[in-house]
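Novice: pasting a predicted model and its sequence here:
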Amino acid sequence: MTARLLLLVTLLFAFSAPAARALEKWIYCQTNLQVDKTVATLDDLMRRGAAAGYTHLLLADSKLAKLGDVPDHYFKHTAQVQALAAKHRIEIVPAIFNIGYSNSMLWHDPNLIEAMPVKDAPLIVKEGVARIASDISPLPGADFSDLKKWSWKDEKVVAENGAARVTDPGGKPARIVQKLKVQPWRQYHFSVRLKTEKLEGGAPEVKVLPANGASLTWDHLKSKPTQDWTVQHAIFNSQGNTEVQLYLGTWGATTGSFWWDDAQLEEVAFVNLARRPGCPLVITTADGKALVEGADFEPLRDPLLGAKPWSGEYDVYHEPPLLKLKTKLPDGAKLLASYYHGVTVYEAQAMVCPSEPKTYELLRDEIARVHQLWKAKAYMMSHDECRVMNWCAACEARKLTPGQLLADNVKRCIALIREAAPGARIHVWNDMFDPHHNAQKSGFYLVNGDLTGSWEGLDKEVVILPWYFEKRAESLKFFAERGHRQLIAGYYDSDPGQIKEWLAAAKPFPKSLLGVMYTTWQSKFTDLEAFSRAADE
């Protein structure tokens, strides 16, 4: 073959070969468009992003779930951001439908929180008020004057002036533990005084562990590395257990000191009482006669449910409401109370009930308002870390596993988006639909049952955003084989070069890979350009 002919063949092949598809590059941005300075911040971010080759900005603003309640200047800011996005040629993708981190949805009705059951809690009548009649024994060793009264402790836990002290735990567990007898399906309140001094590497925790199963309490204590004596609270539902172990300590703290003192455990009733059709309240006499709300007792609500510091935000413990009788009963009369109480995880994360009809009324209203405002070409469903599920009567009546509940929920969410925004591309995080991530058979926080099969609610047109680095190969393969396109959510405020390892894992699935996203939880954008360069290498 002559050199001229070889050149011609080469050129023909070059022009006929399909061009490699350019990766979409996204920026994840948690923001608040109600704040004036946000517009200038987003302008600078999009300017930098455009120069570095980014094409999309995933805009996560909790106000999108409550557009009917924002001030007028919010919409002025939105218009300014839309104009800036057009100028910088960055496509805005609004994040909607906060299923998992649902506090912004619960702004509209805090009673929609997924709630756990209390069954036949005993109440005693006194002067027209029915209060909890707990038969629990005083907590052994509660004053910490004698640590031998506790079931066991780690070596680092020592007695000091009537308290328990830990100093420089060195990253090893430093715990003191008490075995307790409890009644099944009751609500318990634990309180303890805590002091800290220059504590680093891990905060003190309270955990309640049954003989078999995950912890019954997941809320963080409100402590700082250095803090004088403060009263800390924990609430737990005993579920079906009759015995638990109460742990006080740290699992990873390295240096510094902390002290425990004055522990108390009590059975309580009606803390964070949830009232909705799927959370019935039943009050009966000891012989089973049902009392009628409004006739036999005053309407019962918890005014502090999801109200501190604003609607949709929950505290762990507060003084519960009282059951006030209208029908005269003698002092000492016994009643039984069955009800549902809201449960949170970590920093007051609350999950909305996926079975209550009002949940879908709110979701329909949300996408209608968001699409009217943004007219976006794509939306991101924010299903993520759904840590409390399948406890309330609305969920249990459906006789579905948590995985089936979630599959139904996401399918309905997809339909709502397509109804309001025909043709819009739909995206979702991978974790709750991934058998290699959170879609597990059991043991996922306070989920009641099996999460597998949740992915059946996703049709293949939904774009998946995988983010679990350690299981990247398995996750990418799973969704590629299901026919999904994928947008890798990398970075997480660490090494921008790590995206190369993600892309290497995605090489066997070129048709599935749509792009990458610079994902920061800390609003840390210093590595924006380095991440983009690494994705191109």
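Specialist: Cool, the structure landed. Numbers count the residues shown, from 1 in each chain.

Novice: looking at this, Ser532 is in a helix?
Specialist: Yes - residue assignment for Ser532, taken from DSSP: H, G, I helix; E, B strand; the rest coil, places it within a helix.

Novice: would you mind measuring from it to Leu514?
Specialist: 16 Å (C-beta to C-beta, to the nearest Å). Where you see a C-beta, it was placed from the backbone N, CA and C, and this is true even at glycine.

Novice: with Leu112 instead?
Specialist: With distances taken as C-beta to C-beta, Leu112 is found 34 Å from Leu514.

Novice: likewise Ala350?
Specialist: Here Ala350 is placed at a distance of 32 Å from Leu514 (C-beta to C-beta).

Novice: same check, this time on Asp36
Specialist: For Asp36, the distance to Leu514 (C-beta to C-beta) stands at 35 Å.

Novice: with Leu57 instead?
Specialist: Applying C-beta to C-beta, the value for Leu57 to Leu514 is 16 Å.

Novice: which of those two has more neighbours?
Specialist: It is Leu57, of Leu57 and Leu514, that has more neighbours when counted by other C-beta atoms under 10 Å, with 25 against 20.

Novice: so where's the stretch 51-200 of the chain uncertain?
Specialist: For the stretch 51-200 of the chain, the stretches flagged by pLDDT under 70 are 135.

Novice: how about the helices in it?
Specialist: Taking DSSP state H, counting those that start in this stretch, the helices of the stretch 51-200 of the chain run over residues 72-88, 103-106.

Novice: now do the first one: distance to the chain's middle.
Specialist: Going back to what we said before, that points to helix 72-88. Its chain's C-alpha centre lies 29 Å from the corresponding centre of helix 72-88 when counted by C-alpha atoms, centre = their mean, to the nearest Å.

Novice: and the contacts of stretch 351-360?
Specialist: Defining contact as C-beta atoms under 8 Å, 6 or more residues apart in numbering, one finds that stretch 351-360 is touched by 98-100, 102, 105-106, 109, 112-115, 276-278, 386-389, 392, 394-395, 397-398, 405-406, 408-409, 412, 416.

Novice: between the two ends of it, how far is it?
Specialist: 14 Å (C-alpha to C-alpha, to the nearest Å).

Novice: can you list the buried residues in that stretch?
Specialist: Judged by neighbour count using 16 or more other C-beta atoms under 10 Å, the buried positions of stretch 351-360 are Met351, Val352, Cys353, Pro354, Ser355, Glu356, Lys358, Thr359, Tyr360.

Novice: and stretch 456-467, by the same measure?
Specialist: Glu456, Gly457, Leu458, Val462, Val463, Ile464, Leu465, Pro466, Trp467.

Novice: equivalent analysis for stretch 407-416, please.
Specialist: Judged by neighbour count using 16+ other C-beta under 10 Å, the buried positions of stretch 407-416 are Ala407, Asp408, Asn409, Val410, Cys413, Ile414, Leu416.

Novice: and the contacts of it?
Specialist: Where contact means C-beta under 8 Å, 6+ apart, the residues beyond stretch 407-416 that reach it are 97, 99, 354, 360, 363-364, 367, 381, 383, 400, 426, 428, 433, 453-459, 462.

Novice: now swap in stretch 214-221 and tell me
Specialist: By C-beta under 8 Å, 6+ apart, the list of residues contacting stretch 214-221 reads 194, 203-210, 232, 234-239, 241, 244, 316, 344-348, 387, 443-446.

Novice: list the buried residues for it?
Specialist: Buried positions in stretch 214-221, judged by neighbour count with 16+ other C-beta under 10 Å: Ser215, Leu216, Thr217, Trp218, Asp219, His220, Leu221.

Novice: swap in stretch 81-89?
Specialist: Under the neighbour-count criterion of 16+ other C-beta under 10 Å, stretch 81-89 has Val81, Leu84, Ala85, His88 buried.

Novice: average pLDDT across stretch 28-39?
Specialist: Averaging pLDDT along stretch 28-39 gives 97.

Novice: residues in contact with that stretch?
Specialist: Outside of stretch 28-39, the residues that reach it under the criterion C-beta under 8 Å, 6+ apart are 41-42, 45, 57-63, 70-71, 73-74, 77-78, 80-81, 84, 489, 517-521, 523.

Novice: buried set for it?
Specialist: Within stretch 28-39, the residues that count as buried by 16+ other C-beta under 10 Å are Tyr28, Cys29, Thr31, Leu33, Thr38, Val39.

Novice: identify the residue nearest the residue most central in space within the chain in space, chain neighbours excluded?
Specialist: For the chain, the residue sitting closest to the mean C-alpha position, by C-alpha atoms, centre = their mean, is Tyr101 at 4.1 Å. If the residues on either side of it in the chain are set aside, Tyr101 comes closest to Gln349, at 5.7 Å by C-beta to C-beta, 6 or more residues apart in numbering.

Novice: who does the one you found bridge with?
Specialist: Counting by DSSP bridges, Gln349 forms beta bridges with Val345.

Novice: for it, which residues are in contact?
Specialist: Per C-beta under 8 Å, 6+ apart, neighbours of Gln349: Gly100, Tyr101, Asn103, Glu385, Arg387.

Novice: likewise Val231?
Specialist: Ser191, Val192, Arg193, Leu194.

Novice: in this structure the second one contacts Trp259, no?
Specialist: It refers to Val192. No - taking contact to mean C-beta atoms under 8 Å, the distance of 10.2 Å between Val192 and Trp259 leaves them out of contact.

Novice: looking at the two, which one has more neighbours?
Specialist: Regarding Val192 and Trp259, a neighbour count based on other C-beta under 10 Å identifies Val192 as having more, with 24 against 20.

Novice: who does the more buried one form a beta bridge with?
Specialist: Beta-bridge pairing for Val192 (DSSP bridges): Gln232.

Novice: can you tell me how far it is from Gly443?
Specialist: 27 Å.

Novice: do Gly449 as well
Specialist: From Gly449 over to Gly443 the distance is 11 Å, taken as C-beta to C-beta.

Novice: ok, these two, which is more surrounded?
Specialist: Between Gly449 and Gly443, counted using other C-beta under 10 Å, Gly449 has the larger neighbour count: 19 against 9.

Novice: would you map out the domains in the chain?
Specialist: Structural domains of the chain, as assigned by automatic domain parsing, span the residue ranges 97-114+350-357+369-465, 115-349.

Novice: can you tell me which of these is packed in deepest?
Specialist: Each of the domains of the chain was given a mean neighbour count from mean count of other C-beta atoms under 10 Å, and the largest, a mean of 21, is that of domain 97-114+350-357+369-465.
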